[in-house]
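# dropping the sequence and predicted coords here.
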Amino acid sequence: GYAQVNKTGSIRAYQFVSFYGANNGSQDGTKVPTRYLPVGQGFIVEIEDNGVLPFDGTVEFNNSQRVFIKESDADPSNDQVGSVFLKTANDKSTKDNNSKALLNETPMQKIRLEFNSVTGPETRHELLLGFSEYTTDGYDYGYDAKNTVINNNDLNLSLEGVNMNIQAYGEITSDKIVPLNFKSSGDNTFEIRITDTDNLEVGQEIYLLDNLTGNYFDLTENLAYTFSSEQGVFNERFKIVFQSKVQSLSIEEPIMIENYVYYKNETNTLYVKNLDRNISKLSLVNMLGQVVTNMKEVSKERLENGIQFSNISAGSYVVWIRTDSGKVITKKIIVN
């Protein structure tokens, strides 16, 4: 099958099970590709459209782009440079400085996630997160890669709702949130773990937040977070965060005091007062992690006057709000 490679790094390939490119839903590639293609390796490139139809362009590949690197001399600690073979545990090369000079950029911090099925259809999916001073939390051309394979059970990075396999972000901060999209084909059990990190500071905290259970799972302990799910799409259930629950609550408390979030059951209306920014996204999520309502680009004036919801079943919900500045506000409400 095809792996994906860009300036952030790479992920393994799915195994083809038919002539037409179908796969078994499991990313079983045994090698992590590098930015250097071995001799005889086929590849597909993406070209930016110039907006003129019909599109007329040329891709040039010549000997000036060739680089000779022995796999035995390559740096296996950086998946952008060197060997096509897997990195082994605790394997660090002495050629880190040469690799960084070759890239001519500050080394990107990276986290490699793995999503596996425990029960249910065989599933394995790899995700790569990159963090640097020269990328952003938005779309960065050449650093981000969409998910191109549709599976019934899957975990993806989320870029404005779009499923991504590789995603670059700005620098890691304690309040950064990385949203994940998740779906299950039935009553299945899965696990999520970190398989590799690169250039992270010693003691960097990384947690998987399960909004359904409220758990903050420490992913740096080299253990997998195991969970069960019924059938459905649950795009608000999981997030990667970089502070513990205690730290998060200590920050969110003054935010909740500052911003008054209130749901009036008599008129089914949500009010949010005292915001200093407009809202880039507002979601209403039930206790199963299902998104009941999803709104984008909501003005603070509209929230001040109230947003009325219709056809909302009685029960507990979480109002999830992201402001234009990136601040996230959550508030549990009860609908009678």
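Sure thing, it's come through.

# show me the shaky parts of this protein.
15-27, 50-57, 70-105, 245-260, 288-289, 325-327 (pLDDT under 70).

# residue ranges of the helices in it, please?
Taking DSSP state H as the criterion, the chain contains helices spanning 96-103, 245-258, 300-305.

# ranges for the strands of the stretch 201-336 of the chain?
Assigned by DSSP state E, counting those that start in this stretch, the stretch 201-336 of the chain shows strands spanning 207-210, 215-218, 225-229, 232-233, 238-241, 260-264, 269-273, 279-286, 291-298, 307-308, 315-323, 328-335.

# contacts for the longest one next, please.
By that I understand strand 315-323. Residues from elsewhere that reach strand 315-323 (C-beta atoms under 8 Å, 6 or more residues apart in numbering): 211, 236, 261, 263, 270, 272, 275, 277-287, 292, 328-335. Bear in mind the C-beta positions are built from the backbone N, C-alpha and C, glycine included.

# how close does the nearest residue to V118 once chain neighbours are set aside sit to S132?
Take V118 and drop its neighbours on the chain: the residue closest to it by C-beta to C-beta, 6 or more residues apart in numbering is T189, 4.1 Å away. Using C-beta to C-beta, to the nearest Å, T189 is found at 35 Å from S132.

# repeat that for A314.
Using C-beta to C-beta, one obtains 46 Å as the distance from A314 to S132.

# so those two - more neighbours on which side?
S132 (21 against 8; other C-beta atoms under 10 Å).

# name the nearest residue to that one, sequence neighbours excluded.
Leaving aside its chain neighbours, S132 sits nearest to M108 (4.4 Å; criterion: C-beta to C-beta, 6+ apart).

# OK, contacts around the one you found?
Contacts of M108 by C-beta under 8 Å, 6+ apart are T8, G9, G130, F131, S132, T135, A168, D198, N199.

# just among the residues you listed, which is most surrounded?
Ranked by the number of neighbours (other C-beta under 10 Å), those place A168 first, at 28 neighbours.

# name whatever forms a beta bridge with it.
Counting by DSSP bridges, A168 is bridged to G130.

# that one and D140 touch, don't they?
Yes - contact criterion C-beta atoms under 8 Å: A168 and D140 qualify, at 4.9 Å.

# list the beta-bridge partners for the nearest residue to E126 once chain neighbours are set aside.
Leaving out its chain neighbours, the residue that sits closest to E126 by C-beta to C-beta, 6+ apart is I11, at 4.5 Å. Beta-bridge partners of I11, counted by DSSP bridges, are Q4.

# residues touching the residue of the chain positioned farthest from its centre, list them.
Within the chain, the residue lying farthest from the chain centre (C-alpha atoms, centre = their mean) is E266, at 38.5 Å. By C-beta under 8 Å, 6+ apart, the contact set of E266 is empty.

# just the one 3 residues further on next, same as before
Contact partners of T269, counting by C-beta under 8 Å, 6+ apart, are Y263, G306, I307, Q308, F309.

# got the contact list for the closest residue to I307 other than its chain neighbours?
In space, and not counting its chain neighbours, I307 is closest to L270: 5.0 Å by C-beta to C-beta, 6+ apart. Neighbouring residues of L270 by C-beta under 8 Å, 6+ apart: V261, Y262, Y263, K264, L303, G306, I307, Q308, F309, V319, I333.

# right, I'll leave it there.
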